[in-house]
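>>> Everything below, folded, please.
(chains A and B)
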Number of protein chains: 2
Amino acid sequence: MNKFLDKINKRIAERKTFVCVGLDTDIAKIPARFQKSPEPLLEFNKYIIAATQDYAACYKPNLAFYEMHGLSGWQALAATLKCIPPEIPVILDAKRGDIGNTSQAYAQAVFAEFGADAVTLAPYMGEDSITPFLAYKENYSFVLCLTSNQGSQDFQKPDLYKKVAAKIQDWHARYGNCGAVVGATHPQEISGIREIIPEAFLLIPGIGVQGGDLDSTIRAAQNTQNSGFIINSSRGIIYAENPRIEAEKLRDAINQLI
Amino acid sequence: MNKFLDKINKRIAERKTFVCVGLDTDIAKIPARFQKSPEPLLEFNKYIIAATQDYAACYKPNLAFYEMHGLSGWQALAATLKCIPPEIPVILDAKRGDIGNTSQAYAQAVFAEFGADAVTLAPYMGEDSITPFLAYKENYSFVLCLTSNQGSQDFQKPDLYKKVAAKIQDWHARYGNCGAVVGATHPQEISGIREIIPEAFLLIPGIGVQGGDLDSTIRAAQNTQNSGFIINSSRGIIYAENPRIEAEKLRDAINQLI
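Numbers count the residues shown, from 1 in each chain, chains lettered A, B, ... in the order given. Next comes the predicted model:
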């Protein structure tokens, strides 16, 4: 059985939350009291995890914000992962993808070395860059399909994202553990993607700072079980005056639309 | 002035070599005498650097093979970079790419934290995922265009790689430090890419284990200065019985074709 699906489905059922808290911890943006700590990233993350865990369906650290600090960043990430309650799944936002033997090494890094439940992947290099991750049957992989940023206009639109969505569906049909990243800044396209990918999980960033539309996104993103999606908020929650209240608000806003 | 271009052009002129040695150091494949060392990746890399530096135009460690070992892997990579003679440029094969503020963090990781001269990037997320790297004017970014693996058939062909090539040329025209990754397994397509990208550097993997055709690749890849390309070999050199002789052979084989 898939460890990520077990955890996330249980979490959604028990806690009635679809909120993914993005741990994009930018040292320049965290409050001064954490910046002065000898372990600023870890101390800030502990504070965020304590504040938001009642409302978090999952956590999603983006590796970039840890890599930028070199070894101390990687130590902070490893220590952060140990502070996340084991029943809450972790998606490592890595956007990796390379030729087959190299993707095997990346898959080992995220799933075996870091122990993440799920990962995000970039599809440009095609099937043999993705399947080494899918071979980890207990884990889940979210492949970029239609991203929330302005640059999604450059290559993904007007048609490439549909071709990628069809491949994601094919991989999900064969491996059972492949979902898609779809930005909330494209609410009209999400319905079309849901038609191509009827059941797999969608990881949806782009709410909040990026300006995505929650209402139409939620309606389009649900699968036949009124589930199968996670709404990520990073900056909108972690830099809020009160992250706990912000996470609760987002949970409630989503639940009202289901 | 661009630090990568300075170094690589000088290296090509002085040493008459277009060989990029890929430090894809897989602990399962290195000789037993290194596996027993307390620092197997570093000790093996030192041996490879000593053996090949007379023939190396540049070195290209792929981050995956270091990340897979967690903190000790990152330490081995950082230590390896210190062992590379400063006149030989380093390309970190990272294939990164994320929304703007996240790509900024990745750019800081590779250029400021690791001190690499160049990086490889994945283009799926479009312009705002690439320009934070190009903003590092002293460094160079190689964007995936047409990769050497089987999966290049899935999305890149038949036309996407041309669209990406045109964007790479646009970025190069605006920033002066953007090249392309083009696999030697597609010799016929390289000429077309060179027409779209007349001057920027091409990083060409796929020789050796992957079976690319050196002769037609070299003829297609040169720019108007009979330069502007680097041929990568990873497994073909570093796991050879005699890596020094293998690097020399590849240098000579390339030079005979120019």
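>>> hey, let's count contacts and neighbours off CA atoms from now on
Noted.
>>> Just give the nearest non-adjacent residue to the residue of the stretch 151-258 of chain A found nearest chain B, would you?
Nearest residue of the stretch 151-258 of chain A to chain B (CA to the nearest CA) works out as A:G151 at 4.0 Å. Nearest residue to A:G151 in three dimensions, chain neighbours excluded: B:G126, at 4.0 Å (CA to CA, 6 or more residues apart in numbering or on different chains).
>>> Any figure for the gap between the residue of the stretch 151-258 of chain A closest to chain B and B:D128?
Distance from A:G151 to B:D128, counting by CA to CA, to the nearest Å: 5 Å.
>>> And for A:I258?
Applying CA to CA to A:I258 and B:D128 gives a distance of 33 Å.
>>> which one of the two has more residues nearby?
B:D128 (21 against 11; other CA atoms under 10 Å in any protein chain shown).
>>> and the gap between the residue of chain A positioned farthest from its centre and chain B?
Relative to the centre of chain A, and counting by CA atoms, centre = their mean, the farthest-placed residue is A:K36 at 29.0 Å. Separation of A:K36 from chain B (CA to the nearest CA, to the nearest Å) stands at 20 Å.
>>> quick one: terminal-to-terminal distance for stretch A:196-206?
First-to-last residue span, stretch A:196-206, CA to CA: 21 Å.
>>> for stretch A:232-247, that is, sorry about that
Using CA to CA, the end-to-end distance of stretch A:232-247 comes to 10 Å.
>>> again with stretch A:121-132
11 Å.
>>> that older thread, mind checking the SS state of the residue of the stretch 151-258 of chain A closest to chain B?
Following DSSP: H, G, I helix; E, B strand; the rest coil, A:G151 is assigned to helix.
>>> Isn't it up against B:E127?
Yes. A:G151 lies in contact with B:E127 (CA atoms under 8 Å); the separation is 5.1 Å.
>>> ok, how many other residues are close to A:Q104?
23.
>>> nearest spatial neighbour of it, skipping sequence neighbours?
In space, A:Q104 is closest to A:P132, 5.2 Å off (CA to CA, 6+ apart).
>>> where's that neighbour, which helix or strand?
According to DSSP states H and E, A:P132 maps onto helix A:127-134.
>>> Then A:I91?
With DSSP H and E as the criterion, the answer for A:I91 is strand A:91-96.
>>> who's in contact with that strand?
In this structure, residues lying in contact with strand A:91-96 by CA atoms under 8 Å, 6 or more residues apart in numbering or on different chains are A:58-64, A:103, A:106, A:110, A:116-122, A:143-144, B:95-98.
>>> Now do that strand, average pLDDT.
Per-residue pLDDT values across strand A:91-96 average out to 98.
>>> so A:V181 touches A:T147, yeah?
Yes. In this structure, A:V181 is within contact of A:T147 by CA under 8 Å, at 6.7 Å.
>>> Residues contacting the helix holding A:P132, please?
Under CA under 8 Å, 6+ apart, the answer for helix A:127-134 is A:97-100, A:103-104, A:107, A:121, A:123, A:140-141, A:171, A:175, A:177-178, B:149-151, B:154.
>>> partners of the helix or strand just after it, with directions?
Counting by DSSP H and E, the next helix or strand C-terminal to helix A:127-134 is strand A:140-146. In the sheet, strand A:140-146 lines up against strand A:118-121 (parallel), strand A:178-182 (parallel) (DSSP bridges).
>>> Output the last one as PDB, restricted to C-alpha atoms.
Pointing back at strand A:178-182 there. The C-alpha coordinates for strand A:178-182 follow below in PDB (Å, rounded to 0.1, in the frame of the first residue of the first chain):
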ATOM      1  CA  CYS A 178       1.600   9.600  -9.900                       C
ATOM      2  CA  GLY A 179      -0.200  12.900  -9.500                       C
ATOM      3  CA  ALA A 180       0.000  16.400 -11.100                       C
ATOM      4  CA  VAL A 181       1.000  19.900 -10.000                       C
ATOM      5  CA  VAL A 182      -1.600  22.400 -11.300                       C
END
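>>> now the angle between helix A:127-134 and it, please.
With axes from the mean of the first three to the mean of the last three CA atoms, to 10 degrees defining the directions, strand A:178-182 sits at 110 degrees from helix A:127-134.
>>> Quick check: what element follows strand A:178-182 along the chain?
helix A:187-196.
>>> doesn't A:G151 make contact with A:T185?
No. Here A:T185 lies out of contact with A:G151, judged by CA under 8 Å, at a distance of 11.9 Å.
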